[in-house]
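Engineer: Okay, here's the prediction I keep looking at, along with the sequence it came from:
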Amino acid sequence: MTHPRIEILPPAAAERIAAGEVVERPASVVKELMENSLDAGARRISVEIEGAGSRLIRVSDDGSGIPRDELAVAFARFATSKIRSAEDLRRVQTYGFRGEALPSIAAVARVTVVTRPASADTAASLTVAGGVGQAVVAAGAAEGTTVTVEDLFYNTPARQRFLKSPAREAAVVVETVQALALAAPSVAVRLQDGGREVLWIPPESFGERARRTLGPPFAGRTLDIDARGPTSITGALGMPQMAQARRNHQWWLVNGRPVRSPMLARALDQAYHTLIPDGRVPAAVLHVRVPQEALDVNIHPRKTEVRFADERAVFNDLVREVRKVLHAAALVHTVAEPRYGPVAERRNAVAEPPGPYGARTDQHAGGATVPLWASPGSASTWPTIHVLGQLALTYIVGESGGDLVLIDQHAAHERVLYEHLLARRRAGGVQAQGLVTPAVVELSTAEEQLLSELGPALERLGFEVQPFGRAGVRLTAIPAMAVGRDAAALFRACLADLAADRFDHAGRDLEERLAIATACHTAVRAGDRLDAAKMAGLLDELARAHDPYSCFHGRPTMVRVPSRELERWFYRRV
C-alpha cells in the first residue's frame, strides 16, 4: 500500500480549519467582535442579528477605530495590536489577542468593516468574502467601527447542518451578549433580533448589572458579596430558596473575562452545602480576581476556560467567603404574595423584596415565647417567636411581630441534632449511652461490607458495635441524643441510608453521611405530638444553630408569612 504524500495545505483549506477553532456558531462571531469593541475602549456597543445570526450579524461601537493603512492587515492571520512578543502572553490584559478572529470569520462569511479613528477625517471600508479581500475605499461614518457579517458558513454548508434550531442559536447569542455586558458594566449594550430590541443595558455598577442579569424573579432575593484578598470575589448570590435545577443562572468572570469553570462551580456548591436540596444548584453572578501571573487564559482556543496556579487556594477562598455571606443573612423563606385569586391577579408578577426578618420583642399573655438570639457566626438577629401551637402534628405555628411563622418540626430538629453531632465529633466524640440490653442486628452482605468501612466513624458518633455470630453485630451503645428510639431500628436505618448512597453525590464524606443519617432517624417526626415546652425548647436550640434556616437536606426549617400578605389574602389590602 502506497503511503499518501505529506503536503502543506493550501491557504484556503488552512484558513477554514483555523476558522473552525474560533467560529463555531453565530454566537462565536458576536463574542469575537464584541471583545474587539471592548478592547477598542467602546462606551456603547450595538449588536444586530437576523436569521439567528446566520443571515446577518452587525456589531457597531464608538471605540478607537482602525487606521486606514492597517485595515487590510487586520484580516491577515496572526495580525494583532494586542501583543508584541511571546512574553506578553503571560500577562494578557485584553479580551482577545489571537490573530485568527477577523480572518477566520472572513474565511466562512462575507465581512464588511467600516471604521474611523478619531484622528481621521473620513472612514475607511473593506469587504472580505471567503478570505478574498477587495480594495480599501473611503466611506462616511462616525468615529468607531461597524463590522457586518453576512451569510455565515455560506461556503461551508456542512457547518450549517451542525447548528441548532434558530431559537437556540439566538438564545446563545443573547447569553453571549449578557456575559460580555457583565464584564463591562460601564458600557451600554443593545441587542436587536430582526429589528426587535431584545436587550438594552444602560451603564451601571457591577452589582446592578449582576442583579439585572439574574432577572426579575430574583428581585429582593439576592445577597451582595464583596470580599477582598488574594482572591477577590464580588457579585450577587441567589438566596438558597432560589436554587435552580440547572446552572443557567450561574455567571462567572475571572479577571474581567467571562469563563466556564467546573472548579468554581464545585466551590459554589460546597458553599451552599446543606442549605439547598440535593439536585439543585445555586444561582450567582460572581467576579473572581487573582493576580494575573496566577492565571493562565490560554488553555482554550476561545479563552472560555482558565487555569489557576493554585486551584485549592481559590476553591477554599470562594467557599469561605460565600459561606460567610450566607451565614450573615437571615435566610428565612418568605411567602411573598398570594398565589391565587383577584388580589394575586392585580399584583405585579414580580414579588416584592421580602425585607429583613426583623426581630421585635412583642410579648403575649400565655403560651411560650422564644427569646432573641443572635445566631453564632451570623449578623442577623433571630426573631422572637411566640409559639401558638402545632398544626397537623407536623408544623409548629408561631407569631413574630404580627407575622405568621410556620416551623417544620422534623427539619428543625434535624438541623439541631446534625450540628450537635458535628460539634461533638470535632470536640473528640459524641456522648454514648450504653444499652441495658444489647441489641443484636443481622446484616446483609452489603451492610457487612459497609460496616467494615465505617471503622472509627461509628465510635466517634456514639455507636458501640461488636461482632456477633456469622453475619450479625451486637449494639451495646448508641448516641445519647437517640435515647428513646429503637436502637436496632435506628442502626439499621442509618446503614440503609448509607448503603443506598443517598448523599454521596453531594461530596460528603462517610462520617458526615453517617451523622446525617443518625440525625434524620433520631429527630422528631411528622406526626409526633409536642407540648408547648418542647416546641419552645426546639426553637431555642434552633436559634443557637449555625445554619438555622434549613435542614441538611436543604429544605427550609421555617416559612414566614408577612402580616401584609395575610391582609391581602383577606382583601384588607390591595
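Structural biologist: Everything's here; your move. Residues are numbered from 1 along each chain as shown.
Engineer: tell me, how many neighbours does residue 199 end up with?
Structural biologist: Neighbour count for residue 199, taken as other C-beta atoms under 10 Å: 15. To be clear about C-beta, it is placed using only N, CA and C from the backbone, and glycine gets the same treatment.
Engineer: and it, what are its bridge partners?
Structural biologist: Going by DSSP bridges, residue 199 is paired in beta bridges with residue 191.
Engineer: So it sits against residue 180, correct?
Structural biologist: No: look at residue 199 against residue 180 with C-beta atoms under 8 Å: they stay out of range, at 11.3 Å.
Engineer: so what sits against both of those two?
Structural biologist: Overlap of the contact sets of residue 199 and residue 180 (by C-beta atoms under 8 Å, 6 or more residues apart in numbering) consists of residue 189.
Engineer: Just want to check the distance between residue 139 and residue 116.
Structural biologist: Distance from residue 139 to residue 116, counting by C-beta to C-beta, to the nearest Å: 8 Å.
Engineer: Those two: which has the busier surroundings?
Structural biologist: The neighbour comparison of residue 139 against residue 116 (other C-beta under 10 Å) goes to residue 116, with 24 against 16.
Engineer: Show the backbone phi and psi for that one.
Structural biologist: Per-residue torsions, residue 116: phi -150, psi 120 (degrees, to the nearest 10).
Engineer: Please tell me I have it right and it contacts residue 144.
Structural biologist: Yes: counting by C-beta under 8 Å, residue 116 touches residue 144, with 6.8 Å between them.
Engineer: any shared contact partners between those two?
Structural biologist: Common neighbours of residue 116 and residue 144 (C-beta under 8 Å, 6+ apart) are residue 65.
Engineer: Is residue 239 in contact with residue 224, as I believe?
Structural biologist: No: using C-beta under 8 Å, residue 239 makes no contact with residue 224, being 11.8 Å away.
Engineer: For those two, work out which one has more neighbours and name it.
Structural biologist: A count of neighbours by other C-beta under 10 Å puts residue 239 above the other of residue 239 and residue 224, at 24 against 13.
Engineer: contacting residues around the more buried one?
Structural biologist: Applying C-beta under 8 Å, 6+ apart to residue 239 gives the contacts 221, 222, 223, 329, 331.
Engineer: Residue 254 versus the fourth one, what's the distance?
Structural biologist: In other words, residue 329. Applying C-beta to C-beta, the value for residue 329 to residue 254 is 25 Å.
Engineer: Looking at the two, which is more packed in?
Structural biologist: Using other C-beta under 10 Å as the criterion, residue 329 and residue 254 rank with residue 254 on top: 21 against 18.
Engineer: For that one, give me phi and psi.
Structural biologist: Phi and psi for residue 254, reported as degrees, to the nearest 10, are phi -130, psi 120.
Engineer: Run through the bridge partners of it.
Structural biologist: residue 257, residue 288.
Engineer: I figured residue 548 was touching residue 415, is that so?
Structural biologist: Yes: Residue 548 lies in contact with residue 415 (C-beta under 8 Å); the separation is 6.5 Å.
Engineer: what residues are shared contacts of these two?
Structural biologist: Residues touching both residue 548 and residue 415 (C-beta under 8 Å, 6+ apart): 542, 557.
Engineer: Give me the distance between the helix or strand where residue 390 lies and the centre of its chain.
Structural biologist: When secondary structure is defined by DSSP states H and E, residue 390 falls within strand 385-391. Offset of strand 385-391 from its chain centre (C-alpha atoms, centre = their mean, to the nearest Å): 36 Å.
Engineer: same question, stretch 238-257
Structural biologist: Distance of stretch 238-257 from its chain centroid, counting by C-alpha atoms, centre = their mean, is 3 Å.
Engineer: and stretch 105-115, how far apart are its ends?
Structural biologist: 17 Å (C-alpha to C-alpha, to the nearest Å).
Engineer: Oh, that last question was meant for stretch 277-296, not what I typed.
Structural biologist: Its start and end residues considered, stretch 277-296 measures 34 Å (C-alpha to C-alpha).
Engineer: swap in stretch 546-554?
Structural biologist: 14 Å.
Engineer: which residues are contacting that stretch?
Structural biologist: 240, 243, 272, 274-278, 280, 326-327, 330-333, 375-378, 382, 408, 410-412, 414-415, 418-419, 516, 519, 542, 556-558.
Engineer: re earlier: show me what the strand holding residue 390 pairs with in its sheet, parallel or antiparallel.
Structural biologist: According to DSSP bridges, strand 385-391 forms sheet pairs with strand 368-370 (antiparallel), strand 395-400 (antiparallel).
Engineer: on that earlier part again, kindly indicate the member of the contacts of residue 239 with the most neighbours.
Structural biologist: In terms of neighbours by other C-beta under 10 Å, the contacts of residue 239 top out with residue 331 at 23 neighbours.
Engineer: Could I get the pLDDT score of the spatially closest residue to it that is not a sequence neighbour?
Structural biologist: Nearest residue to residue 331, sequence neighbours excluded (C-beta to C-beta, 6 or more residues apart in numbering): residue 549, at 3.9 Å. Listed pLDDT for residue 549 reads 90.
Engineer: Put the alpha carbons of stretch 426-434 into CSV.
Structural biologist: C-alpha atoms of stretch 426-434 as CSV (Å, rounded to 0.1, in the frame of the first residue of the first chain):
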residue,chain,number,x,y,z
ARG,A,426,-14.9,17.9,66.5
ALA,A,427,-14.6,18.0,70.2
GLY,A,428,-13.4,14.4,70.4
GLY,A,429,-16.5,12.3,70.2
VAL,A,430,-20.3,12.1,70.7
GLN,A,431,-21.5,11.1,74.2
ALA,A,432,-22.7,7.4,74.0
GLN,A,433,-25.5,5.9,76.1
GLY,A,434,-25.0,2.2,76.9
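Engineer: Run the chain-centre distance for that stretch.
Structural biologist: 37 Å.
Engineer: which residues are in contact with that stretch?
Structural biologist: Outside stretch 426-434, the residues that touch it by C-beta under 8 Å, 6+ apart are 421, 424, 459-464, 476-483.
Engineer: repeat for stretch 483-493
Structural biologist: If you take C-beta under 8 Å, 6+ apart as the criterion, stretch 483-493 is touched by 433, 435, 439-441, 463, 465, 475, 478, 482, 517-518, 521-522.
Engineer: The host helix or strand of residue 315 - contacts with which helices or strands?
Structural biologist: Per DSSP H and E, residue 315 falls inside helix 311-327. For helix 311-327, the packing partners by 3 or more C-beta pairs under 8 Å, 6 or more residues apart in numbering; DSSP states H and E come out as strand 222-227, strand 232-238, helix 262-271, strand 284-289.
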